[in-house]
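# Please find the sequence and the predicted model below.
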Amino acid sequence: MKIEEMVPSKGWMLPYTLFLSNLTKSTIMLRNYLKIALRNLRSQRSYTLLNIVGLSVGLAGGLLIFLFLRHHLSTDRHHANYDRIFRIDTDLYLDDGSIEYNPEGPLPMAQVLRTQYPQVDQAAFLMMIREMTVSVKRPNRAEPLRFREHNHTGFVEPEWFDILTYAWLQGNPKTALSQPNSVVLTESWAKRYFGETNPIGQIITLDNKTNVTVTGVLAEPPATTDTDISLFVSIATLKQHDPEFDQTDWGFLNSTNRLYLTLHDPNSVSSMEQTFPALSKKHYGENAKYFRFHAQPMREFHYDTAREGGSIRASLLWSLGVIGVLLILAACINFINLATAQAFRRGKEVGIRKTLGSSRAQLVSQFFLETALIIGAASLLALVMVLVLLPYFTDWVQVKLSLRFDGLTLAFMALLLVCVVLLAGGYPSMLLSGVSPWAALRGVLAGASTGSRMGRGFTVRRILVVTQFVVCQALIIGALVVTNQIRYIQQANLGFRKDNVMVVNIPNKKTATQDAFRQRLLQYPDIQSVSFNHLSPSSKLIYAGSFKFNGKADWELYPVRDRLADANYLETYGLSLVAGRNIMPSDTIREYLINETLLHQLGFRDPKKVLGKTMMYYLSPVPLPIVGVVKDFHQKSLREPIGPCFIASYADRYGQAGIRISGKNYVQTLQHVQETWQQLYPNEVFEHEFLDEQVARLYETETLVSRLINIFTGIAILICCLGLYGLVSHAVVQRSKEIGIRKVLGASIASIVGLLSKDFLMLVLIALAVAIPLAWYTMNRWLQDFAYKVDIEWWVFALAGLLAITIALLTTFFQSIKAALMNPVKSLRSE
């Protein structure tokens with residue numbers, strides 16, 4: 001073989017050399033682009049600052065909405081069986097055609113599902129306890145520590161942990177709750193009760209009567225869960241804790257019951273539900289027509305606000321998502337408008353670069369790089385804003401939010417930035433790079449006709465400004481309507497007096513201690529009256545049942561709500577009699593007061609004519625007289641109409657004391673109530689709240705909506721102001737010579753201010769005309785959820801328009817005055 005054949009040809013190096021050459025050129029080009037971009041941004045500091053601030057505010061608002069939506073949309077998705085978990089709901093179909101949607105199922109149905117339904121993998125029953133006293137003995141303490149727990153405790157079947165996913169720190173999930181008198185705690189509750197002591201084997205006492213042993217400890221469940229139970233007691237303990245409770249009773253349906261199941265195949269749910277009517281017929285007989293079982297998938301629990309436990313409507317989340325998109329869109333519109341306005345300053349630069357050989361692709365790359373730098377800086381500022389504001393935002397919306405830089409958050413932020421770069425940078429880049437060098441160098445841009453590219457740019461810019469103000473004014477109208485409805489709720493006549501009433505929980509049995517408690521309280525001069533009762537006039541809870549009227553053989557076709565209370569109920573809560581008299585003191589039902597709604601549904605108009613008629617309710621199965629009619633009062637929120645209701649005494653159900661106070665010495669009065677309580681109920685935990693606080697909790701969703709729309713309306717207004725300020729600034733620069741000539745010819749300051757403002761005010765008015773029907777339709781649909789609501793009157797739209805015009809005038813005023821006061825000599829001699 002020849003030596004030449006052994007030496008490799010140098011041709012293989014050519015592609016590698018070309019690659020290095022192209023890479024070097026690209027690097028140099030990118031470096032030059034970066035230098036030019038930074039120089040341009042530094043030379044136009046006000047333009048850069050306005051864009052960065054405007055975009056950062058929009059991005060921060062969008063990111064906050066993302067975190068809020070993520071929290072709600074990820075609720076309970078940590079459960080491994082999420083797609084296979086269902087809940088048995090029992091809906092009541094009443095004779096009057098109404099339906100009561102309930103999230104509960106009967107306890108014995110769990111065993112039936114486990115043993116008789118092949119579609120069911122597992123089923124478990126949970127009975128939540130609204131209030132429970134937990135006592136824990138500690139070393140070196142004579143008296144145990146006592147805790148009053150609310151809504152986070154319950155009796156549960158051991159199969160519960162086969163359905164839902166929990167991380168066990170101690171104990172065996174298969175055996176921890178298999179025996180009576182066993183309890184499982186979450187880690188935080190175990191530390192609260194026992195400190196750093198190992199909780200396994202420790203004993204706690206429930207309601208001062210039932211001892212249970214800790215057999216397991218769970219890690220804290222995620223904040224995104226609706227099944228936030230922290231103390232699980234074995235269902236076998238229920239027989240000892242409440243001997244009267246019948247675990248075989250299919251009629252025990254309570255809003256605290258939950259019956260969960262997993263299916264082998266989620267698609268088999270319809271075949272399972274087809275057998276439910278027969279199951280209902282078997283256990284309810286002729287009453288089966290009222291009870292309809294329904295298997296609801298877990299993905300619907302959180303958003304089903306028609307049933308207790310539903311947290312937020314899906315429509316509200318969708319609305320917030322739209323608002324987030326609109327905020328980001330408004331920020332992008334700012335950028336587009338300011339960038340196109342910059343075309344007048346950069347026209348000659350574009351012309352020279354094109355004349356020297358720059359291609360359109362190179363110019364587009366340059367402008368996209370500048371856009372990316374601005375958006376990058378805005379993104380960093382937005383992150384800082386979110387980190388600073390998130391704790392305040394979390395407290396305000398009462399949701400535990402956190403900014404975690406996990407895959408989903410990073411993917412959202414990356415997608416958001418790409419979309420913003422393309423949206424904000426696309427149109428300005430194509431517009432500026434498409435200018436002909438001849439027009440740019442001759443300065444034709446400054447006076448382009450509407451038929452030119454820049455003329456079309458002006459048209460697009462006006463459309464964008466109008467779009468921006470449509471968003472802003474629609475949010476303003478929405479905020480005004482929500483605020484007006486909230487004010488109406490706060491000021492509405494509820495039919496009772498909610499101020500200066502303290503509500504204190506008491507042991508749920510009639511004893512002589514109750515009478516002593518009342519007598520001691522009434523001896524204090526600032527306590528006016530005391531009433532023992534089951535529920536306050538307005539409550540999230542509703543207890544209702546069937547009744548017979550005036551000796552009829554048949555039950556009435558609709559249920560009646562009850563308010564079980566003593567004879568001081570009317571005085572304490574400020575209810576008004578319209579006919580008859582108050583009930584007499586009694587421990588059992590002896591007579592009834594009915595409300596006006598029940599009066600009318602019974603067919604009476606004159607309240608005096610119903611007096612002496614009889615009623616029979618399931619708690620007292622004998623006819624008893626109606627002795628009075630009370631003025632209607634709201635038993636639930638203003639979302640629902642007032643229902644038929646009666647008031648009667650029934651001491652075994654009293655669980656709270658309503659205490660009307662003078663309102664003069666709150667601290668001293670509260671201290672007296674607490675001291676009296678502790679003397680008479682030494683084994684109980686004293687808790688209190690005021691009636692107006694209870695009523696306010698009925699409107700947590702409305703308060704949340706109000707806060708959210710106010711926040712994001714403020715953000716939208718700020719974005720609009722920044723954009724408008726930038727546009728006015730550039731309009732002043734563009735028309736500086738015209739302003740100078742007008743001043744020389746005698747134009748007044750007011751005329752110049754009007755000249756600069758009228759075009760923008762016209763756009764605001766056009767936006768108002770577009771926003772009004774959109775906002776009216778949206779808010780009218782929102783108000784349909786209320787039985788009692790405000791009307792959307794003309795002044796709402798007038799006020800929104802006035803606010804928008806005022807904001808526009810204030811935004812343009814400073815720059816307009818500055819231009820009007822400028823020396824015309826400077827503007828006329830400038831190039």
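Yes, it's here.
# Name the residues linked to the residue nearest to Asn595 when sequence neighbours are not counted by a beta bridge.
Once flanking residues are discounted, Asn595 sits nearest to Cys645: 4.7 Å by Cβ to Cβ, 6 or more residues apart in numbering. C-beta here means a position set from N, CA and C on the backbone, and glycine is covered the same way. Residues in a beta bridge with Cys645, per DSSP bridges, are Arg561.
# On the pLDDT front, check Cys645 for me.
Cys645 carries a pLDDT value of 94.
# quick one, what contacts it?
560-563, 594-595, 597-598, 635 (Cβ atoms under 8 Å, 6 or more residues apart in numbering).
# and what of Val705?
With Cβ under 8 Å, 6+ apart, Val705 has these contacts: 316, 482, 782.
# same for the longest strand seen in the chain, what does it pack against?
For the chain, the longest strand by residue count, based on DSSP state E, is strand 120-136. Under the contact criterion of 3 or more Cβ pairs under 8 Å, 6 or more residues apart in numbering; DSSP states H and E, strand 120-136 touches helix 108-116, strand 145-156, helix 160-163, helix 187-194, strand 203-206, strand 257-263.
# let's go with 6 Å and repeat that
The elements that strand 120-136 packs onto, with contact taken as 3 or more Cβ pairs under 6 Å, 6 or more residues apart in numbering; DSSP states H and E, are helix 108-116, strand 145-156, helix 160-163, strand 203-206, strand 257-263.
# Can you check which of those gets nearest to Val212?
Within the helices and strands packed on strand 120-136, the stretch nearest Val212 is strand 203-206; the backing value is 6.0 Å (Cβ to Cβ).
# between the contacts of Cys645, which is nearest Gly61?
Gln635 (38.7 Å).
# thinking again about what came up before, please tell me which one of the contacts of Val705 counts the most neighbours.
Counting neighbours by other Cβ atoms under 10 Å, the top entry in these is Val482, with 22 neighbours.
# got a list of what that residue touches?
705-706, 709 (Cβ atoms under 6 Å, 6 or more residues apart in numbering).
# Which residue is the nearest non-sequential neighbour of it?
For Val482, the closest residue by Cβ to Cβ, 6+ apart turns out to be Ser706, at 4.8 Å.
# re earlier: please work out which of the helices and strands packed on strand 120-136 is packed deepest.
Comparing the helices and strands packed on strand 120-136 by mean neighbour count (mean count of other Cβ atoms under 10 Å), strand 257-263 ranks first with a mean of 24.
# partners of it, with directions?
Its sheet considered, strand 257-263 pairs with strand 85-93 (antiparallel), strand 120-136 (antiparallel) by DSSP bridges.
# quick one: average confidence on the helix or strand that the first one is followed by?
Using DSSP states H and E, the helix or strand that follows strand 85-93 in sequence is strand 99-100. When the per-residue pLDDT values of strand 99-100 are averaged, the result is 84.
# which residue ranges form the helices in the stretch 351-500 of the chain?
360-397, 407-433, 437-442, 453-491 (DSSP state H, counting those that start in this stretch).
# Low-confidence ranges, this structure, go.
Scanning the chain for pLDDT under 70 picks out the ranges 1-43, 341-350, 353-354, 356-357, 431-459, 508-511, 733, 823-831.
# and the residue nearest to the spatial centre of it, what are its phi and psi?
By Cα atoms, centre = their mean, the chain has its centre lying nearest to Leu704, at 5.3 Å. Backbone torsions of Leu704, given as degrees, to the nearest 10, read phi -60, psi -50.
# Likewise for Val578?
When read as degrees, to the nearest 10, the backbone of Val578 gives phi -110, psi -20.
# Asn172 too?
Backbone geometry at Asn172, expressed as degrees, to the nearest 10, gives phi -110, psi 120.
# picking up where we left off before, would you turn the helices of the stretch 351-500 of the chain into JSON lines with distance to Phe293?
Below are those laid out as JSON lines (distance: least, Cβ to Cβ, whole Å):
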{"stretch": "helix 360-397", "distance to Phe293": "35"}
{"stretch": "helix 407-433", "distance to Phe293": "36"}
{"stretch": "helix 437-442", "distance to Phe293": "75"}
{"stretch": "helix 453-491", "distance to Phe293": "35"}
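# and Gly54, which of those helices is closest to it?
Comparing those by Cβ to Cβ, helix 360-397 comes nearest, at 7.9 Å.
# Would you mind giving the secondary structure of the residue nearest to Val482?
Of the three states, Ser706 takes helix under DSSP: H, G, I helix; E, B strand; the rest coil.
# closest one to Ala414 among the strands paired with strand 257-263?
That would be strand 85-93 among those, by Cβ to Cβ, at 32.3 Å.
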